[in-house]
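In: pasting the structure only:
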């Protein structure tokens, strides 16, 4: 049993929080932006200081590797991302990178014997905030292993053409070329050269905090589906059309949304989550009855049977009229539940127990690079408790002790994998 | 009793429908656009052909006047607009201009004796589609007579600065200067020089059609209020936030909208209309729980007591929590019911009866230039039945016979006013 160092972790948190500091407690650090390059340079500087070898691949993913006693052994990698959403916090992504650094620093500082080379890694463009989609580079690197429908979305040639959502001109490929971090394709994470991957991440929800635990041993990324639901009405003048003559698409949508909540809640599945986050209204003029409403529904649960039950409720919308409006639904996208490696999960739980870290099993409702990596090599994740469950916003917070507890669990789990 | 001419009216409808023809049954004819200038030139050409004198004022409102036997008598004016909304139809606005032309043409053709000079008029920029707001130029011309809150909105110096919603650069003042129709302020419609104003307009609703009537004698423009209703939630990740922890502003708004419909409908006022036409959602991302919904509610009824009852229901939203979200409401604007001139209403009804035109009393849910004019001089409106109640869209349709029936009623009403 070894422990990571709270002071060293705290120093990293303080330092990395400066790169992209937006001035009110959080950061904006788009992938490959000057701020993200600062963070990458800091990573390289600190990793070179402990004798790690730096490599980059053709997607600017960065790998810092310390030798093991058997240089022919496959590497064990700990990876996450340094990029953030707009006005994000100081933990989402970067905590997983700092966790990998902290593990290597501890191994070197305490001269911990180990057989396999150990790698701390930065995935490029996890958020996809500037160049969509999210999880772009793990999608490319693991592409041959992904289910066909997902893999198709992440073809390299298309990703290189992804345009900046700000200037609508610069492509991801151009940003890559300009980054100074573009390297060789042969350096990509691969099943040949890597034995296992770990990723630390903040929980992004309130479950660990509510249970009084510091760490979550992540078992899966929840299966989900995302549908578009549309209501077709008739645009008419707000002042001259009697109520009984109206086909009001927004009133239809409001009734349908209340119905969906009532019916889905009847399933009695407290662990089920569903969200309508986006709504479009046409023509969206205060004096015109809306003739089109288009809203999203995002539904997540581990059990495909539960997802099927919810889908049946969503589909039942089409069989009725809503405020004299027709309704249709369309699949936007879906994924099956991705289960992490059973052995790695067991080892991680063991490490948490042995180190006295308060922990529990948990699943991930959000997507992460680890979920794509898990199609290629044995992978798991470790969640760190996150104050009030906030993420993708400036109030993100976990204490240095909690962050270090996550790194300690990863360190001991990695050493157990190393010993196998 | 005199009758207007169906063939002549049909010819005008066919001709004016070409100016701004969008190629699929309707027009786009923004105020002062090249297409609107074509329509104005056609108006001038036809009015000069019957010996009318053309004048324009400083807002490019156009007045075509034929002499009466007493040239010192005040004029009687028949006015509407030639501009349309984007992809509008061939009747909204232009029918009132063609109606005025038809009356003058009939008087001249049949040599009908009359004392007062008679004027057919084009109001500039009624729709405000390119240069907001709507009813801009009647708002300026009648400004000294308007209630203070409304008058303030229509100050000339501000109107001249109104920018094109397309290029965001050209001002209404610049478009005026370039139009070739800018004239002298002294030519403006005024209480000193005008005795009464009539406006023909399509109904924009289905009431006349449902009742089997061709013409509506308009008694008032409905009083109304428009509020913004806002719900404040908490933005969180759609995949990681348990349902019981959420403050979902969109679910709150959906429940409130269903509640509003249920409570307002309990008032049992079939002639009441209320509309939520605009809804804004923040951040409007399918994976994020909405933290702000802002929607409009537009409520119209003749009786201020009924409006007060509805307002009490709207205000009751603030006293409750909706899906754990707070709600507040804010007045956007309101107007009292504007009653048209009682004597003109009675005369118009008499004219319809005497000419055997199927008619009824009706109110206007929409705003019109006549409503501002009515603060300054005796004014009323005549509605023509509109197929399926459509307006502000390409399917607008009234038969030539129905349009002519409206003009015939106006002709005989104008002659009755002339004789008083």
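Out: Received it, and whenever you're ready, just let me know what you need. The structure presented is a predicted model; accordingly, all values stated were derived computationally and were not measured.

In: How about the contacts made by whichever residue of the stretch 1-150 of chain A sits closest to chain B?
Out: Here the stretch 1-150 of chain A gets closest to chain B at one residue, residue A:134, 9.2 Å apart by Cβ to the nearest Cβ. Where C-beta positions appear, they are placed from N, C-alpha and C, glycine not excepted. Contact partners of residue A:134, counting by Cβ atoms under 8 Å, 6 or more residues apart in numbering or on different chains, are A:126, A:127, A:128, A:367.

In: again, but for residue A:81
Out: A:31, A:93, A:94, A:96, A:97, A:122, A:123, A:124, A:125, A:126, A:127, A:369.

In: Find the residue closest to the last one in space, skipping its chain neighbours.
Out: If you skip the residues right next to it in sequence, residue A:369 has residue A:138 as its closest partner in space, 3.8 Å away by Cβ to Cβ, 6 or more residues apart in numbering or on different chains.

In: could the contacts of residue A:81 go into JSON lines alongside pLDDT?
Out: Rendered in JSON lines, the data for those read as follows (pLDDT from 0 to 100):
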{"residue": "A:31", "pLDDT": "97"}
{"residue": "A:93", "pLDDT": "97"}
{"residue": "A:94", "pLDDT": "98"}
{"residue": "A:96", "pLDDT": "98"}
{"residue": "A:97", "pLDDT": "98"}
{"residue": "A:122", "pLDDT": "98"}
{"residue": "A:123", "pLDDT": "98"}
{"residue": "A:124", "pLDDT": "98"}
{"residue": "A:125", "pLDDT": "98"}
{"residue": "A:126", "pLDDT": "97"}
{"residue": "A:127", "pLDDT": "94"}
{"residue": "A:369", "pLDDT": "97"}
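
In: Adding distance to residue A:40 and secondary structure, write those residues out as TSV.
Out: Converted to TSV, the contacts of residue A:81 look like this (distance: Cβ to Cβ, whole Å; DSSP: H, G, I helix; E, B strand; the rest coil):
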residue	distance to residue A:40	secondary structure
A:31	10	coil
A:93	12	coil
A:94	11	helix
A:96	14	helix
A:97	9	helix
A:122	6	strand
A:123	12	strand
A:124	9	coil
A:125	12	coil
A:126	13	coil
A:127	15	coil
A:369	16	helix
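
In: can you pick the most crowded of the residues you listed?
Out: In terms of neighbours by other Cβ atoms under 10 Å in any protein chain shown, these top out with residue A:96 at 34 neighbours.

In: I'd like to know how far the residue lying closest to it once chain neighbours are set aside sits from residue A:126.
Out: Nearest residue to residue A:96, sequence neighbours excluded (Cβ to Cβ, 6+ apart): residue A:80, at 2.3 Å. From residue A:80 across to residue A:126, the span is 7 Å (Cβ to Cβ, to the nearest Å).

In: same question, residue A:381
Out: Going from residue A:381 to residue A:126 by Cβ to Cβ gives 13 Å.

In: Who are the contact partners of the residue nearest the centre of chain A?
Out: Centroid-nearest residue in chain A, with Cα atoms, centre = their mean: residue A:368, separated by 3.2 Å. Shown in contact with residue A:368 (Cβ under 8 Å, 6+ apart): A:80, A:126, A:135, A:199, A:201, A:221, A:381.

In: which parts of stretch A:182-192 are buried?
Out: A:182, A:183, A:187, A:188, A:189, A:190 (16 or more other Cβ atoms under 10 Å in any protein chain shown).

In: err, stretch A:291-308, not the other one
Out: In stretch A:291-308, counting by 16+ other Cβ under 10 Å, buried: A:291-302, A:306-307.

In: Just send the residues you listed back as TSV, with distance to chain B too.
Out: Shown next, in TSV, are the buried residues of stretch A:291-308 (distance: Cβ to the nearest Cβ, whole Å):
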residue	distance to chain B
A:291	10
A:292	12
A:293	8
A:294	11
A:295	8
A:296	4
A:297	8
A:298	5
A:299	9
A:300	5
A:301	11
A:302	12
A:306	13
A:307	13
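
In: Read off the pLDDT value for residue A:348.
Out: Confidence at residue A:348, expressed as pLDDT, is 98.

In: That one is in contact with residue A:378, isn't it?
Out: No. If you go by Cβ atoms under 8 Å, residue A:348 and residue A:378 don't touch, sitting 11.5 Å apart.

In: circling back to that earlier point, can you count the residues close to the residue nearest to residue A:96?
Out: 26.

In: so what's it bridging to?
Out: Residue A:80 forms beta bridges with residue A:122, as assigned by DSSP bridges.

In: Stretch A:213-231 near chain B at all?
Out: Yes. Stretch A:213-231 lies within reach of chain B by Cβ under 8 Å from any Cβ of the partner chain, at A:222, A:224, A:226.

In: Pipe those residues into TSV and attach pLDDT and neighbour count per row.
Out: Formatted as TSV, these follow (pLDDT from 0 to 100; neighbours: other Cβ atoms under 10 Å in any protein chain shown):
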residue	pLDDT	neighbour count
A:222	96	25
A:224	95	22
A:226	95	20
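
In: helices or strands up against the longest helix along chain A?
Out: Ranked by number of residues, the top helix in chain A under DSSP state H is helix A:400-419. Packing partners of helix A:400-419 (3 or more Cβ pairs under 8 Å, 6 or more residues apart in numbering or on different chains; DSSP states H and E): helix A:6-16, strand A:75-81, helix A:94-109, strand A:194-202, strand A:215-221, helix A:342-354, strand A:379-384.

In: can you list these in CSV and add distance to residue B:45?
Out: Shown next, in CSV, are these (distance: least, Cβ to Cβ, whole Å):
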stretch, distance to residue B:45
helix A:6-16, 75
strand A:75-81, 70
helix A:94-109, 73
strand A:194-202, 74
strand A:215-221, 72
helix A:342-354, 85
strand A:379-384, 78
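
In: near chain B, which residues of the stretch 301-420 of chain A show up?
Out: Listed as neighbours of chain B in the stretch 301-420 of chain A under the rule Cβ under 8 Å from any Cβ: A:332, A:364, A:365, A:366, A:367, A:389, A:390, A:391, A:392, A:393.

In: which one of those residues is nearest chain B?
Out: Of all these, chain B sits closest to residue A:365, with 3.0 Å by Cβ to the nearest Cβ.

In: which residue sits closest to that closest one, ignoring its sequence neighbours?
Out: residue B:239 (3.0 Å).

In: Assumed that neighbour was part of a helix.
Out: No. With DSSP: H, G, I helix; E, B strand; the rest coil as the criterion, residue B:239 is located in coil rather than a helix.

In: Now do the nearest residue to residue A:397 once chain neighbours are set aside against chain B, distance only.
Out: Nearest residue to residue A:397 in three dimensions, chain neighbours excluded: residue A:387, at 4.1 Å (Cβ to Cβ, 6+ apart). As judged by Cβ to the nearest Cβ, to the nearest Å, residue A:387 and chain B stand 13 Å apart.

In: From the structure, what's the count of residues near residue A:387?
Out: 16.

In: do the same with residue A:328
Out: Residue A:328, neighbours per other Cβ under 10 Å, totals 11.

In: helix, strand or coil for it?
Out: Three-state call for residue A:328 (three-state DSSP): strand.

In: farthest-separated two in the contacts of residue A:368?
Out: Within the contacts of residue A:368, A:80 and A:221 form the most distant pair, 14.5 Å apart (Cβ to Cβ).

In: What about residue A:74, how many residues nearby?
Out: Neighbours of residue A:74 (other Cβ under 10 Å): 17.

In: now do residue A:34
Out: Counted with other Cβ under 10 Å, residues neighbouring residue A:34 total 10.

In: Between the buried residues of stretch A:291-308, which sits nearest residue A:75?
Out: Distances from residue A:75 to the buried residues of stretch A:291-308, taken by Cβ to Cβ, are shortest for residue A:302, at 30.5 Å.
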